[in-house]
Every structure is written in structure tokens, then in C-alpha cells.
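Novice: after the sequence you'll find the predicted model.
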Amino acid sequence: MLHKTLPTEHPDAIGKYLIKGVLGKGSMGVVYEGYDPFVQRRVAIKVAQVESKPSEFQRSFFVEAHAAGKLQHPHIVSVYDAGVEGYRNYIVMEYVGGHTLQEFLPEKKRLPVEQVIDIVFKCAKALDYAHRQGVIHRDIKPANIMLADDGVVKIMDFGIAQLDLGGQTHETRTEELVGSPYYMSPEQITGQKVGPQSDIYSLGAVLFQMLTGRPPFLAENYHALIYQILNTPAPDVRDCRPDLPESLAIIIQRALAKKPEDRFKNGQELASALSSLFDELRYAGKKIEDLEKLEMLSRLSFFRNFGRHEINAVMQAATWLHFEAGDTIINEGDIDDTFYIIVTGTAEVTKSRKSIGWLYKGDCFGEIGFLTHQKRTATIIARSALTLMKLNATIMDQVAQPTQLQFYKAFTEALIKRLSATNKQLSRIGAQQQPGEGAEE
């Protein structure tokens, strides 16, 4: 059957959708940025032009539309519409501004471990949902996962999905081997029927690459790559990233197991493992942060007579505040019962908008307000990036009695030092007065 020459220029509109530009091109067609004037929203329009066997190609194309269209999930790109216009088959999808994970593979752009785990966690939840709807993606890879500008993760491109409709399996391509070899499971490579565990394998390969910048298996040619995927155990991710925890390496090893039954049985199980890992990393991160804080405080004069357990008790009870240069910490005239210790940075003390002194790392202020709940007599302004520890009497009442005693001993010493400094400053001011000034009183 002969067909007319297909148009190669970009249309001004497809159906009711206005064409605004080209988002991308591939072997199967073009993806346009479009605009729906009726609901007034941006859309992405995937267009494929039929050159031969229109009915077979259209059937495959619209199985993709059906596969994605039946999925309504916050981490899967939504499909709004599909149709045929002349020689063009088109699918109208949610527009997602951002970048695919492919953009974050180079070392200089690599995402933090916690963010990678969060992304894969959300993908695992989305795939679990898709699998329960009878849809196997079959092409999970970094280029098919979007990280939107607002941080939302979206799985896209169900172009070779396998769709189970009422017990009948439909595929969007008829070739024996479909997918991206670096991320394909052993059963997908050998042409076997694939299930949810095949997508789990692919997502495990994505996780490996997002952490290391390279896929699990590398080879000089296609056949060598296939041999490795089928026969060579997946490498330990810590061979490339020794800093990663063993628990993460175990998750990746399980996801990349050769046999489907040795992998996570579904996306929810993988998501649960990642959630536990995320909590572990967050706790480990907090422990490291606490150790750093403990070291900083142990070097301050206020804590020179404290034991480490006492410093830790005060540190856990306190509120930590961060200020930028120029930020006002307290205002003259404010009523406040807070005592502050400068952990890092420099601050200026002003009264009636005149500078009367400076505060540095280890200095304290707010002693009188802490004791009497009176109005502040001066303004404190950060003059560099500054970190404070903030305490009040109510908080200190909650710590152990020995720690309270040590705290109030150090507090009293700081108060005496403050009063002595104030007395010296007043004496200097008095000495600078002109002879006879104030004699008429």
C-alpha cells in the first residue's frame, strides 16, 4: 500500500492544542510543548507519524496511551488525551518542567545520597501502583525519570509497556528485545515474560548509576554486556563508593539479583527497605552533626569545666539559631527571658543606635533577661554569619540536677564577668567627662 509523503514541518496546532515549541525528538517522532486553550494549561504532546502498516503501529501506539492513561499517581506523568490527525498519532500528557535523571549522572552534578534514595523510593511506590494496575513499564532508566523544577519525581514514557487487560497481555512493541540494555533484567534480555520484578531490577540499576555515575555492568560491546547481565554477579556499589553504608549495598544487590524470585517481590517491599535505610542515614547524619556540635561547644570557655555528657545534655535542650550578617538578634526594649551563647561568628552591641561593644565566639549575652524577664537594654546585630545556642530557665529545669548545677555555676561566672566589664566601661566614660561636668547636681 502506498502512502502520501508525510509532512515534515512542525504544525501550528494538533487537534485543539496549540504548538509552542519542540521539547525533544526521537526515532519514533517528536515531543512538542503545547497549550490547551480550553483548560488553559501547558501540555506535552508526543507525536508519531505513520509511514507503513498504520493499523499495527496505531494499535501499539495507543496501547501506550492506554497504559499510561489508566495510571493516576503523583509520581507518574499523567495522560490527558490521545488521537489521530491525518498521519499523526498523538498523546497529550502532563507538562513537567525540569530535567531527567540523566542530567545528574556526571560527578559534578551528582545528587546527595539522601536525595537519590528519596527519588528511588518514590519511583518504587509509583511502580508498585502501576504493577497493581497491570502495567509493567519495561524501560525504567535515568532518561525516563523526571526531576521537576519543584522537586517532584515523575516516571514517564510507557512506550514499550506491557499491559494486562482482563487477563490478556498487550505490548507496545512487537520486537523480541525491547528496552535499554544497561537497565534490562536477565529475563527481559532473554525474551521471557516479565513481571514486576523486572522493573525492580531496572530501578536497582538506576539507583546504582545515580550513586556512582556508571551502570552496574560495562562492556566493550553489546554481546559482552549481555553476557555480564546474564552471568556475572552485580558489583558491590561500595567498590565505587566506599563511603556508602553496607545496608544500601545489600538493597542494591537484592534488586539486581539474577533470579526474579531473589529480588524484592514488589515495589512496596523495595520502598519499605529504602524508607528504613533513609531513617538510618538520617539518624547517622544527626549523630555526626551532634558530634560536630559537641566538639565546637567543648572548645568554648563557658563549657570548660563541663563533662561531655553535661555538654550534650545542654546541647540537646537548647535551640540552635543561625543568622546572616546584618540580622538583628534581639532589639532594645524587647522583653525576653532567653540566654544566648555565641557558637560561631561576631555580633555588635548597640544602644540608642550607637555602637557600645562587640561579641565574639564563646561570648554570652542575655543574662539579666534570663534571670529577671526584664526589657532588653541593648540591640544585638550579627556582623557575620553567626550560630547561637538559645536557652531559658524553663528548658534548663528539664535537665538533670548535676547538669543544672554546672550550668548555673558557669552562668554566674559569665554574669560576674559581664557586670565587671560594664563597670569598667562606665568608669572609662566617667573618666572621659570634662572637669566640672555634673558639679551643679
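Specialist: Done, it's in.
Novice: tell me which element the residue minimising distance to the centre of the chain falls in.
Specialist: Nearest residue to the geometric centre of the chain (C-alpha atoms, centre = their mean): Gln115, 3.6 Å. In this structure, Gln115 sits in helix 113-132 according to DSSP states H and E.
Novice: Leu127 against Gly267, yeah?
Specialist: Yes: the pair Leu127 / Gly267 is scored as a contact, 4.2 Å apart, by C-beta atoms under 8 Å. The C-beta positions use only the backbone N, C-alpha and C, and glycine is treated the same way.
Novice: any common contacting residues for the two?
Specialist: Listed as contacting both Leu127 and Gly267 by C-beta atoms under 8 Å, 6 or more residues apart in numbering are Pro196, Asp199, Ile200, Leu203.
Novice: which of the residues you listed fall in helices?
Specialist: Judged by DSSP state H, these include Pro196, Asp199, Ile200, Leu203 as members of helices.
Novice: measure the last one to Ile119 for me?
Specialist: Using C-beta to C-beta, to the nearest Å, one gets 10 Å for the distance from Leu203 to Ile119.
Novice: which of these two has more neighbours?
Specialist: Between Leu203 and Ile119, counted using other C-beta atoms under 10 Å, the more crowded position is Leu203 (26 against 22).
Novice: how much space separates that one from His75?
Specialist: Plainly put, Leu203 is 12 Å away from His75 if you go by C-beta to C-beta.
Novice: joint contacts of those two?
Specialist: Counting by C-beta under 8 Å, 6+ apart, the contacts common to Leu203 and His75 are Cys123.
Novice: show me the protein divided up by domain.
Specialist: In terms of domains, the chain is parsed into 1-95, 97-162+174-298, 302-428 (source: automatic domain parsing).
Novice: quick check, distance from the shortest one to the centre of its chain.
Specialist: Average the C-alpha atoms of domain 1-95, do the same for its chain, and the two points are 31 Å apart (C-alpha atoms, centre = their mean, to the nearest Å).
Novice: quick one: find the helix or strand in this structure with the lowest mean pLDDT.
Specialist: Sorted by mean pLDDT, DSSP states H and E, the helices and strands of the chain end with strand 168-171, the least confident at a mean of 54.
Novice: helix or strand right after that one?
Specialist: Remark: after strand 168-171, the chain's next helix or strand is helix 186-189, criterion DSSP H and E.
Novice: other SSEs contacting that following helix?
Specialist: In terms of contacts (3 or more C-beta pairs under 8 Å, 6 or more residues apart in numbering; DSSP states H and E), helix 186-189 is packed against helix 196-212, helix 222-231.
Novice: out of those, which gets nearest to Thr379?
Specialist: When the helices and strands packed on helix 186-189 are ranked by distance to Thr379, counting by C-beta to C-beta, first place goes to helix 196-212 at 48.2 Å.
Novice: still on that earlier bit, just the domains of the chain: most buried one?
Specialist: domain 97-162+174-298 (a mean of 18; mean count of other C-beta atoms under 10 Å).
Novice: now do the end-to-end distance for it.
Specialist: End-to-end span of domain 97-162+174-298 (C-alpha to C-alpha, to the nearest Å): 47 Å.
Novice: any weak-confidence spans in the stretch 1-150 of the chain?
Specialist: Applying pLDDT under 70 to the stretch 1-150 of the chain flags the ranges 1-8, 26-28, 49-61, 63-64.
Novice: report the two of the shared contacts of Leu127 and Gly267 separated the most.
Specialist: Largest separation among the shared contacts of Leu127 and Gly267 by C-beta to C-beta: Pro196 and Leu203, giving 10.5 Å.
Novice: mutual contacts of the two, please.
Specialist: The contact sets of Pro196 and Leu203 overlap at Leu127, Gly267 (C-beta under 8 Å, 6+ apart).
Novice: how about low-confidence regions in the stretch 251-400 of the chain?
Specialist: Applying pLDDT under 70 to the stretch 251-400 of the chain picks out residues 283-288.
Novice: which residues in it form helices?
Specialist: Ranges of helices within the stretch 251-400 of the chain are 267-298, 308-317, 367-372, 393-396, based on DSSP state H, counting those that start in this stretch.
Novice: and the first one with helix 196-212, angle?
Specialist: Spelled out, it's helix 267-298. If you take axes from the mean of the first three to the mean of the last three C-alpha atoms, to 10 degrees, helix 267-298 sits at 30 degrees to helix 196-212.
Novice: how far off helix 308-317 does helix 267-298 point, in degrees?
Specialist: Angle, helix 267-298 to helix 308-317, by the same axes, to 10 degrees: 120 degrees.
Novice: relative to helix 113-132, how tilted is helix 267-298?
Specialist: Going by the same axes, to 10 degrees, helix 267-298 makes 160 degrees with helix 113-132.
Novice: which strands or helices does helix 267-298 pack on?
Specialist: Using 3+ C-beta pairs under 8 Å, 6+ apart, helix 267-298 is in contact with helix 113-132, helix 196-212, helix 246-255, helix 308-317, strand 338-344.
Novice: okay, these in TSV with distance to Ile330 next?
Specialist: As requested, the helices and strands packed on helix 267-298 are exported to TSV (distance: least, C-beta to C-beta, whole Å):
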stretch	distance to Ile330
helix 113-132	35
helix 196-212	45
helix 246-255	44
helix 308-317	20
strand 338-344	8
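Novice: before we move on, the earlier item: by contact count, what packs against the helix holding Gln115?
Specialist: Secondary-structure packing of helix 113-132 (3+ C-beta pairs under 8 Å, 6+ apart): strand 145-148, strand 153-155, helix 196-212, helix 267-298.
Novice: okay if I get those as JSON lines plus distance to Lys354?
Specialist: Below are these laid out as JSON lines (distance: least, C-beta to C-beta, whole Å):
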{"stretch": "strand 145-148", "distance to Lys354": "51"}
{"stretch": "strand 153-155", "distance to Lys354": "54"}
{"stretch": "helix 196-212", "distance to Lys354": "56"}
{"stretch": "helix 267-298", "distance to Lys354": "32"}
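Novice: these: which one's closest to Val31?
Specialist: strand 145-148 (12.3 Å).
Novice: need the contact partners of that closest one.
Specialist: Residues outside strand 145-148 that contact it (C-beta under 8 Å, 6+ apart): 77, 96-101, 104, 119, 123, 153-156, 206.
Novice: farthest pair in the residues you listed?
Specialist: The distance between the two most remote of the contacts of strand 145-148 (C-beta to C-beta) is 21.3 Å, for Gly97 and Val206.
Novice: return the residues in contact with the closest residue to Leu300 other than its chain neighbours.
Specialist: Nearest in space to Leu300, with sequence neighbours left out and distances taken as C-beta to C-beta, 6 or more residues apart in numbering, is Gly362 at 4.3 Å. Contacts for Gly362 were tallied using C-beta under 8 Å, 6+ apart; they are Leu300, Ser301, Phe302, Ile341, Ile342.
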